[in-house]
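**Student:** Just a sequence and a predicted model for now, questions to come.
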Amino acid sequence: MGFPTQRLRRLRRNQTLRSMVRECDVNRDDLIYPMFVVHGRGIKREIKGLPGNYHHSVDQLVEEAKQVRDLGILAVLLFGIPEKKDANASEAYAENGIVQQAVRALKREVEGLTVITDVCLCEYTEHGHCGIIENGYLVNDRSLELLAKVTVSHAKAGADIVAPAAMLDGQIRTMRSALDQDGLIDTAIMGYSAKFASKLYDPFFKQCTHSAVAFGDKRTHQMDFSNSDEAMREIALDVEEGADIIMVKPALFYLDIVARAKAEFKMPLAVYNVSGEYVMLKAAAEAGRLDEASVRMEMLTAFKRAGADLIITYFAKEAARELH
Ligand SMILES: [Zn+2]
């Protein structure tokens, strides 16, 4: 049976029919908004090159987070920009570090908002690498000890979910056991499970966190973008080590990985729609070459269709407004 009995255009004839048979939608509660917190007071500074995104001091972060929550977004992902950096990233696990202060303020003042913290060291090391460097190489196990300290300090400050971003071997196991030893059994872990070494992160490091690497690159720990089987091995290890949510990063060029990860693991799955993806669309829209709102929704829907449950995106506020 085929044409003329079957005519797939029958259900595309008008908006009502199309809505009735739509297979997936983006919802406001799929969105996670990344936020950047700096020291000081009264600061709300737009990030150059990432329009609509800001560096906030804690007091302003709270105000912005209330607006984010009121738009129907359920969660934010926090990144900190410390005042001083050193070889051991000591500000990353300082009790009164910038993220720890921000988490306490958000949990105290923004009811109903889930706070996720990025757990890495690259914003806090003077060289911009994700851990301790010896002879130009990122050493794994000693860096894990620091990540465990960061994790516990974020969780004690009140973080609901911690998100290890470094792609070090054993990071989930290390963090889970550090949390459990401290009785923090309900703090969830969202692993940056398949994080690829991508130039699409450049706007983030150059403009959001000012932590571009001083030498070398991150290809000894982040994944080669040619590999898909290896991504499944990375995710499998994160699941086995205790990740509650898995992630694929970047998102747009990696939808094959997303689809495969959803099919193989059936786990809550996040994608990170990274800064480079954001600026590509913004630049094209500014130049009058693409319609931003339409392409934005097409892109976010593609993440959902591929299998993502959660979308970390700099477009969260604009998308939430549109979906409201
Ligand atoms: Zn890092």
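**Tutor:** Done, it's in.
**Student:** Pull the distance from the helix-or-strand element of the chain with minimal mean pLDDT to the chain's centre.
**Tutor:** Lowest mean confidence among the helices and strands of the chain (mean pLDDT, DSSP states H and E): helix 202-203, at a mean of 92. For helix 202-203, the separation from the chain centroid amounts to 14 Å (computed by CA atoms, centre = their mean, to the nearest Å).
**Student:** go on, stretch 60-78?
**Tutor:** Distance, centroid of stretch 60-78 to centroid of chain: 15 Å (CA atoms, centre = their mean).
**Student:** what's the neighbour count on the closest residue to Ile81 other than its chain neighbours?
**Tutor:** Leaving aside its sequence neighbours, Ile81 sits nearest to Val38 (CB to CB, 6 or more residues apart in numbering; 4.8 Å). For the C-beta atoms, the positions are set from N, CA and C on the backbone; glycine is no exception. For Val38, the neighbour count with other CB atoms under 10 Å is 20.
**Student:** Can you tell me who Val38 pairs with across the strands?
**Tutor:** Applying DSSP bridges to Val38 yields these beta-bridge partners: Ser57, Ile81.
**Student:** Ends of stretch 85-99, what's the gap?
**Tutor:** End-to-end distance of stretch 85-99 (CA to CA, to the nearest Å): 14 Å.
**Student:** I should have written stretch 28-43 there, sorry.
**Tutor:** Terminal-residue distance, stretch 28-43 (CA to CA): 27 Å.
**Student:** and that stretch, how far from the chain's centre?
**Tutor:** On CA atoms, centre = their mean, the centre of stretch 28-43 falls 12 Å from the chain's centre.
**Student:** What mean pLDDT does that stretch get?
**Tutor:** Per-residue pLDDT over stretch 28-43 has a mean of 98.
**Student:** buried sites along it?
**Tutor:** 28, 30-39, 43 (16 or more other CB atoms under 10 Å).
**Student:** can you redo these as TSV with distance to the ion?
**Tutor:** Formatted as TSV, these follow (distance: CB to the ion, whole Å):
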residue	distance to the ion
Arg28	29
Asp30	25
Leu31	23
Ile32	18
Tyr33	20
Pro34	14
Met35	17
Phe36	14
Val37	17
Val38	18
His39	20
Ile43	24
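**Student:** ranges for the helices of the stretch 201-324 of the chain?
**Tutor:** 202-203, 229-241, 255-265, 275-286, 292-306, 316-323 (DSSP state H, counting those that start in this stretch).
**Student:** These: lowest mean pLDDT?
**Tutor:** Across the helices of the stretch 201-324 of the chain, helix 202-203 gives the lowest mean pLDDT, at a mean of 92.
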